[in-house]
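**Student:** Task: produce atomic coordinates for the following.
(2 chains)
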Amino acid sequence: MAVESKLGENILTTTIDKFVNWSRKNSLWPMPFGTACCAIELMATLGPKYDMARFGAEAIRFSPRQSDLMIVAGRVSIKMMPILQKIYRQMSEPKWVISMGACASSGGVFNTYSTIQGIDNFIPVDVYVPGCPPRPETLIDAVLKIQKKIEKERSLSQKRA
Amino acid sequence: MTEAKNVVVDRVKNAFPDQILDVSENLGETAISVKRDKIVDILRFLKEDNELKFDMFIDLCGVDYLEMGGFERFAVVYQLYSMEYNRRIRIKAFVPEGDEKIDSVVSLWAGANWAEREVFDMFGITFTNHPDLRRILCPDNFEGHPLKKDFPLEGIGYRENFLKVTRENAQ
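**Tutor:** Take a look at the predicted model:
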């Protein structure tokens, strides 16, 4: 660490990828796409008892332009799917998607003509959360998994896989 | 209760003797099955007759009697309430398969507007003289009427036919 010895103890050197990833993962701004009871658990996760702010993901934005983590909480109907896709496309890169609960991930018990059987058929999903609805701890675990995923990304040198 | 029921049934029977198919009572609730042809006249009579005054439209729904032994395949069921006499009545108007048409009652109760649109959406029953008969729940480009009993539960491709958004084409 020859550079640091010249710059003194107040300066740390790192790679730009690591620095960018560190700042991205600690200030995730979720976009809540809540359509059912999972959204209630999502609200509980944001509340004081579970407090998603501890992981830097408390700034819920209802505008897709301002958010980078979409949390799809609840069942998605065939009428809602085009809207979900539109919102996903409106979010600016980099962006991540959590599919929260059985309905968003697989259709859940709603094996009917009107319910999408898993949103991953039509938009990319990074982390699936099991449960009906999932406990707030499970959702927090999903956010931590997203953070781990962000850590490994090569933000500048390579497009996301 | 029984006396009041007789008043209602008798008056409707006297006014429309050839329109009544059946009168039944279940759990203290009276239901009159009628033909669909004069449904607006029957309901107007129930609403405006001085001894009936069923002035409050509670709800309207469709029924598919496929293999259940109705007078026809479909029925439109009207629930009415008389605030003056504290009475309720149920009117079932039967609609045959192949000619799913019945007159709209929006002219009597504006609140029937969206209820009739829902029955149109779910059962494909056309309400003539309805001011704005469009689908209300299903998407506009939806084909078929999902609450018909012979409609496949998992649909016919509605939930599969969407554009697939990937990371590459998302921008």
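**Student:** where does residue 148 fall, phi/psi-wise?
**Tutor:** Using chain A. The phi/psi pair for A:K148 (degrees, to the nearest 10) reads phi -60, psi -40.
**Student:** try chain B instead
**Tutor:** The phi/psi pair for B:K148 (degrees, to the nearest 10) reads phi -60, psi 140.
**Student:** and it, what is it in contact with?
**Tutor:** Applying CB atoms under 8 Å, 6 or more residues apart in numbering or on different chains, we find B:K148 in contact with B:64, B:66, B:122-124. C-beta coordinates here come from the backbone N, C-alpha and C atoms, glycine included.
**Student:** farthest pair in these?
**Tutor:** Farthest pair in those (CB to CB) is B:L66 and B:M122. Separation: 13.8 Å.
**Student:** If any of the contacts of B:K148 are buried, put those into a ChimeraX selection.
**Tutor:** In ChimeraX, this line selects whichever of the contacts of B:K148 come out buried by 16 or more other CB atoms under 10 Å in any protein chain shown:
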select /B:64,122,123,124
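**Student:** quick check, nearest of the contacts of B:K148 to chain A?
**Tutor:** The shortest approach to chain A among these belongs to B:M122, at 11.3 Å (CB to the nearest CB).
**Student:** for the residue most central in space within chain A, which residues make a bridge with it?
**Tutor:** Centroid check for chain A by CA atoms, centre = their mean gives A:L69 as the closest residue, at 3.5 Å. Beta bridges link A:L69 to A:P30, A:W96, judged by DSSP bridges.
**Student:** coming back round to it: in terms of distance to B:E100, which of the contacts of B:K148 ranks first?
**Tutor:** Distance to B:E100, by CB to CB, is smallest for B:G124 among those, at 5.6 Å.
**Student:** Can you report phi and psi for the nearest residue to the closest one once chain neighbours are set aside?
**Tutor:** Leaving aside its chain neighbours, B:G124 sits nearest to B:H145 (3.8 Å; criterion: CB to CB, 6 or more residues apart in numbering or on different chains). Here is the backbone geometry of B:H145 (degrees, to the nearest 10): phi -130, psi 100.
**Student:** before we move on, back to that, got JSON lines for the contacts of B:K148, with secondary structure, pLDDT and distance to A:A44 too?
**Tutor:** As requested, these are exported to JSON lines (DSSP: H, G, I helix; E, B strand; the rest coil; pLDDT from 0 to 100; distance: CB to CB, whole Å):
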{"residue": "B:D64", "secondary structure": "strand", "pLDDT": "93", "distance to A:A44": "41"}
{"residue": "B:L66", "secondary structure": "coil", "pLDDT": "89", "distance to A:A44": "44"}
{"residue": "B:M122", "secondary structure": "helix", "pLDDT": "93", "distance to A:A44": "35"}
{"residue": "B:F123", "secondary structure": "helix", "pLDDT": "93", "distance to A:A44": "40"}
{"residue": "B:G124", "secondary structure": "coil", "pLDDT": "91", "distance to A:A44": "42"}
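**Student:** If I look at B:N50, what pLDDT would I see?
**Tutor:** Per-residue pLDDT puts B:N50 at 88.
**Student:** Please apply the same query to the one 3 residues further on.
**Tutor:** The per-residue pLDDT reported for B:K53 equals 90.
**Student:** check contacts around it.
**Tutor:** B:47, B:82-85.
**Student:** In chain B, where is pLDDT below threshold?
**Tutor:** B:1-5, B:170-171 (pLDDT under 70).
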